[in-house]
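Undergrad: Starting from these lines, generate the structure:
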Amino acid sequence: MTRPHMPPTSGSAAGVRPVRAYLRSRGHAPVSLTDRYVTMVQLAVLAAVAGQPVATMIGDLAGPADPARTGAGVALVALAMTAFLVAARAAGPVLLPAPDAAWLLLSPLNRGHVLGRTARALLVVAVVAGLVLGLGVLAVLGAPDQLMWRLLAALALGVSATVGGMALAVLGQASQSWQVWLTVAIAGLVVLAVVAMSGHLRSAMAVAAAAPLSVVATVAAGGVVLSALLARQAWAALGRIPARTLVSASTRAGHVSNAATTLDPGALTWIAEDNHWRARKLASRRWPSMPAPFALAWHDWLRLARRPRRLAAMAAAAALPAVLAQAGLAPTALWAAVLAGGLAAACTGVSGARRDNDNPVMARLMGVARRPALAARAVLPMVLSGSWTILALAGLALAGGSGTQAAALAGPAAGGVWWLLGPLAAPALAAGALRMARRSPVDHSMPVLDTPGGAIPTGPLIWAVTGADLALAGCLPALSAPLVPPGAFGAVLAAQGVAGVLVLLGYVLRAGRAG
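TA: Residues are numbered from 1 along each chain as shown. The predicted structure follows:
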């Protein structure tokens, strides 16, 4: 059998193009003019649909911003940029499709040119994220005059920040010293958010909002120059990224892509678990001297204690409701955000229940019945959700909150017992987290609902609400708390305590009987 003719490889970009052309000729059909036409029509339709709402939103930004909400707005923008940098670092950000990572990456081709397509895709992602961030900056600072020029300056600042941040993440992937600078940038953004929330930057933000257009243009130009320098450094560093780092990032991206393609988000949890334990050695430990169900659940406590950064991130996230309150979120929506955060905190302590459900043989080998094991595993999510909601409510009280509900949090009208809603809602949140951990994969055989807005597959929809529905049912008294007068708050506390216990008890009994 004769080998197919392969184009010659070299270290230049001219060596990469023939190889990719050869792969395209042996792979999918080439992109035709019809395909390009359909793509352009889709983009035109999207621009026509979104153009009017975006133009209306930009027009509403004209005028000075509300000084009372500027601090919360700056904090939200800083946290959004922090999330962008964290996501970029978690993704790689430089990665390749599985075939390219298996063959082209380890070939004699110039690695920088092999990664050029990925770098251009990252640039597009950073530009889109920067445009959104720029609109957020303009919404926070306002436009007292010359809306169009201030809009362009805000968009330039946003794109400069995201492009520079993406370049910093690429440099951090290539060098450990740049990784330190990326960590410093993330920490600085978090500090900026905290200081903005405290009110110490109120005068500085007022000066920035009323700055002359010439000063704004100078700052925007400086940001563009700095981001361009970082982008140039990142482009030059593409060839220095270690192959092991690129293969690891590409493998993670492939798993995530498969989970998204098959509409199975639950697979992402096991991907994260496998990545965590793959390079770790487990040491033998003595069985803890406690009742068997709690000894079985003790692993979840140890697992969480060995991840202090996750605990620190959860504690820091408890300040988000206070930020949303200062931004003017409605009291009912604010309580929903608090309870949603408590549910997310509870979900970090249910890996043992997920493992028992996916591999019941190991649970049976332990000699512990399902109901006692599930009840013991419910303690950690109860502690996590209760602690998180207490911290969130305390942050609301300290921040002064929004309207009458924040006054009730900080004042004597409710007897200073609003924080009790946290531990009283914890059993219901724990039940919802356990139900989410033990739910089955997405059932794609379920029917599809035809609606005026399009077809809705019921399988992913039911999977998404499984667990959240139980938490919602158990937290209805807490959600109604902002709507009741202060004199009836004791009844709300009693109703929440009873509802939380009944929901958790009913779920444990029903799940144990089903097993």
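
Undergrad: Against residue 341, how distant is residue 471?
TA: Noted for residue 471: a distance of 12 Å to residue 341, by CB to CB, to the nearest Å. For every residue, glycine as well, the C-beta is placed using N, CA and C.

Undergrad: Those two - which one has more neighbours?
TA: It is residue 471, of residue 471 and residue 341, that has more neighbours when counted by other CB atoms under 10 Å, with 25 against 21.

Undergrad: Read off the pLDDT value for the residue most central in space within the chain.
TA: A centroid search over the chain (CA atoms, centre = their mean) returns residue 83, at 7.0 Å, as the residue closest to the centre. pLDDT, residue 83: 92.

Undergrad: tell me which element it falls in.
TA: If you go by DSSP states H and E, residue 83 is part of helix 67-91.

Undergrad: Please state the offset of that helix from the chain centre?
TA: On the basis of CA atoms, centre = their mean, to the nearest Å, helix 67-91 sits 12 Å off its chain's mean C-alpha point.

Undergrad: Would you mark the buried spots in that helix?
TA: 69-82, 84-85, 88-89, 91 (16 or more other CB atoms under 10 Å).

Undergrad: shaky segments in the stretch 151-300 of the chain?
TA: For the stretch 151-300 of the chain, the stretches with pLDDT under 70 are 259-267, 278-279.

Undergrad: Packing partners of the helix or strand hosting residue 130?
TA: Assigned by DSSP H and E, residue 130 falls within helix 116-141. Contacts defined by 3 or more CB pairs under 8 Å, 6 or more residues apart in numbering; DSSP states H and E place helix 116-141 against helix 33-60, helix 67-91, helix 147-174, helix 202-209, helix 213-237.

Undergrad: got the residue ranges for the strands in the stretch 251-400 of the chain?
TA: Applying DSSP state E, counting those that start in this stretch to the stretch 251-400 of the chain gives no strands.

Undergrad: Would you mind putting the helices and strands packed on helix 116-141 into TSV with distance to residue 466 alongside?
TA: TSV is the format used below for these (distance: least, CB to CB, whole Å):
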stretch	distance to residue 466
helix 33-60	32
helix 67-91	26
helix 147-174	35
helix 202-209	43
helix 213-237	42
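
Undergrad: deepest of those, which one?
TA: Ranked by mean neighbour count, the helices and strands packed on helix 116-141 are led by helix 147-174 with a mean of 23 (mean count of other CB atoms under 10 Å).

Undergrad: After that one, which helix or strand is next? Please name it.
TA: Counting by DSSP H and E, what follows helix 147-174 is helix 176-198.

Undergrad: Now do that following helix and helix 202-209, the angle between them.
TA: Angle between the axes of helix 176-198 and helix 202-209 is 110 degrees (criterion: axes from the mean of the first three to the mean of the last three CA atoms, to 10 degrees).

Undergrad: Would you mark the buried spots in helix 176-198?
TA: For helix 176-198, the neighbour count (16+ other CB under 10 Å) marks 178, 179, 182, 185, 186, 189, 192, 193, 195, 196, 197 as buried.

Undergrad: and it, how far out from the chain's middle?
TA: That offset, for helix 176-198, works out to 17 Å (CA atoms, centre = their mean).

Undergrad: likewise stretch 232-249?
TA: Per CA atoms, centre = their mean, the centroid offset for stretch 232-249 relative to its chain is 24 Å.

Undergrad: neighbouring contacts of that stretch?
TA: Residues outside stretch 232-249 that contact it (CB atoms under 8 Å, 6 or more residues apart in numbering) are 91-96, 101, 105-106, 110-112, 115-116, 119, 166-168, 170-171, 173-175.

Undergrad: what do you get for stretch 207-214?
TA: Contacts with stretch 207-214, where a contact means CB under 8 Å, 6+ apart, come from 64, 65, 70, 141, 142, 144, 145, 146, 149, 150, 153.

Undergrad: rerun at 6 Å
TA: Under the criterion CB atoms under 6 Å, 6 or more residues apart in numbering, residues 65, 141, 142, 146, 149 lie in contact with stretch 207-214.

Undergrad: buried subset of the residues you listed?
TA: Applying 16+ other CB under 10 Å to the contacts of stretch 207-214 flags 65, 141, 142 as buried.

Undergrad: gap between the closest residue to the second one other than its chain neighbours and residue 69?
TA: Taking CB to CB, 6 or more residues apart in numbering, and ignoring the residues beside it in sequence, residue 141 has residue 209 as its nearest neighbour in space, at 4.4 Å. Counting by CB to CB, the separation of residue 209 from residue 69 is 12 Å.

Undergrad: Could you pull up the residues touching the nearest residue to residue 349 once chain neighbours are set aside?
TA: Counting by CB to CB, 6+ apart, residue 349 lies nearest to residue 380, which is 3.9 Å off, once chain neighbours are set aside. Neighbouring residues of residue 380 by CB under 6 Å, 6+ apart: 300, 301, 349.

Undergrad: Just the ones of those in helices?
TA: Within the contacts of residue 380, residues falling in helices by DSSP state H are 300, 301.

Undergrad: Which one (most neighbours) among the contacts of residue 380?
TA: residue 349 (26 neighbours).

Undergrad: my guess is that one contacts residue 381, does it?
TA: Yes - counting by CB atoms under 6 Å, residue 381 is a contact partner of residue 349 at 4.6 Å.

Undergrad: just so I know, which of the helices and strands packed on helix 116-141 lies nearest residue 441?
TA: With CB to CB, the closest approach to residue 441 among these belongs to helix 67-91: 23.9 Å.

Undergrad: That closest one packs against which elements?
TA: In terms of contacts (3 or more CB pairs under 6 Å, 6 or more residues apart in numbering; DSSP states H and E), helix 67-91 is packed against helix 116-141, helix 147-174, helix 176-198, helix 320-326.

Undergrad: Figure out which of these is closest to residue 475.
TA: Closest to residue 475 of these is helix 320-326 (CB to CB; 14.7 Å).

Undergrad: From the chain's centroid, how far away is the closest one?
TA: Centroid separation for helix 320-326 versus its chain: 17 Å, with CA atoms, centre = their mean.

Undergrad: re the thing from before, between the buried residues of helix 176-198, which is closest to residue 363?
TA: Of the buried residues of helix 176-198, the one sitting nearest to residue 363 (CB to CB) turns out to be residue 186, at 39.2 Å.
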